[in-house]
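*Asks:* model the following, please.
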Amino acid sequence: MIELKNNTKSNSKIGYLVSIDPLDPHSFIYTTPNSIRAIGVVTQSVPYRALCKIATIGGKAKVYVSSNINKDDTIRASKSGDNTSLGTCVKAKAGDSPYLRVGDALSSGKGLIPIILELSYTSNPSISGSGSISIPTVFPYTVKPTDTLIVVDSAIAVTVNLPSATGSSRELKISSIGLGEVTIEGAGTDEIDDELNQSINQWETIVIIDYITANWKIT
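*Replies:* All right, here's what the predicted structure looks like:
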């Protein structure tokens, strides 16, 4: 669970998917169709610009689903053509990929449905390596093969360990929303822009690419 300011210009809506506001990293907005940047789900109705608790990956939350679903159905974020409101979700169907997988429904119905949040980007169910957003709770954190965005919320200094650079051209984004310094460590003697590690502080983001063997490049 994290806290961000409501920047939706109205009372926040429980169960709606949100992303970091690109104009204000302290705040959230509702996710737009086709978004892969959702960081969590609203758990409180609070006024505009008030702090709001956001459920994140691994947490159980009630998610607003605009279509009738059955227990264990896969729920995804909205896409263009769904004709739904910003931040709402629908049942995933065959042929829907790529999409942002929110999780599996824990009950049947419509409206606010309990889900264990996954928030993983499915580019193609038949192809491994789809991207996902991770919000680690245990450190040091080792980057997973499916990670595309890592959001660190820690009050103390922590470390994120990179996999070995192989020249795969993989892009990885790491953001800090906590008070603690985040150190990004290369594997072994791997370098990140000619250094063994790089650091970011609260509200900073680093974007790196697996450039060549043993080297990550900051973009």
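*Asks:* next helix or strand past the longest strand seen in the chain?
*Replies:* When the chain is parsed with DSSP state E, its longest strand is strand 60-69. Later in the chain than strand 60-69, the nearest helix or strand by DSSP states H and E is strand 74-77.
*Asks:* what lines up beside that following strand in the sheet?
*Replies:* Take DSSP bridges as the rule and strand 74-77 pairs in its sheet with strand 89-91 (antiparallel), strand 99-104 (antiparallel).
*Asks:* the longest strand of the chain vs strand 99-104, what angle?
*Replies:* Between strand 60-69 and strand 99-104, the angle comes out at 110 degrees (axes from the mean of the first three to the mean of the last three C-alpha atoms, to 10 degrees).
*Asks:* which strands and helices lie in contact with strand 60-69?
*Replies:* strand 40-42, strand 74-77, strand 89-91, strand 109-116 (3 or more C-beta pairs under 8 Å, 6 or more residues apart in numbering; DSSP states H and E). (Each C-beta comes from the backbone N, C-alpha and C, glycine too.)
*Asks:* now do the contacts for the residue sitting furthest away from the middle of the chain.
*Replies:* Centroid-distance maximum for the chain: residue 189 at 28.9 Å, with C-alpha atoms, centre = their mean. Neighbour list for residue 189: 196, 214 [criterion: C-beta atoms under 8 Å, 6 or more residues apart in numbering].
*Asks:* end-to-end on stretch 146-165?
*Replies:* Using C-alpha to C-alpha, to the nearest Å, the end-to-end distance of stretch 146-165 comes out at 15 Å.
*Asks:* what do you get for stretch 90-100?
*Replies:* 11 Å.
*Asks:* what's the average pLDDT for that stretch?
*Replies:* Per-residue pLDDT over stretch 90-100 has a mean of 84.
*Asks:* and it, what's buried?
*Replies:* For stretch 90-100, a neighbour-count test (16 or more other C-beta atoms under 10 Å) marks 90, 91, 92, 96, 97, 98, 99, 100 as buried.
*Asks:* so who does the last one touch?
*Replies:* By that I understand residue 100. Neighbours of residue 100 in contact, by C-beta under 8 Å, 6+ apart: 31, 35, 36, 38, 76, 77, 119, 120, 121, 122.
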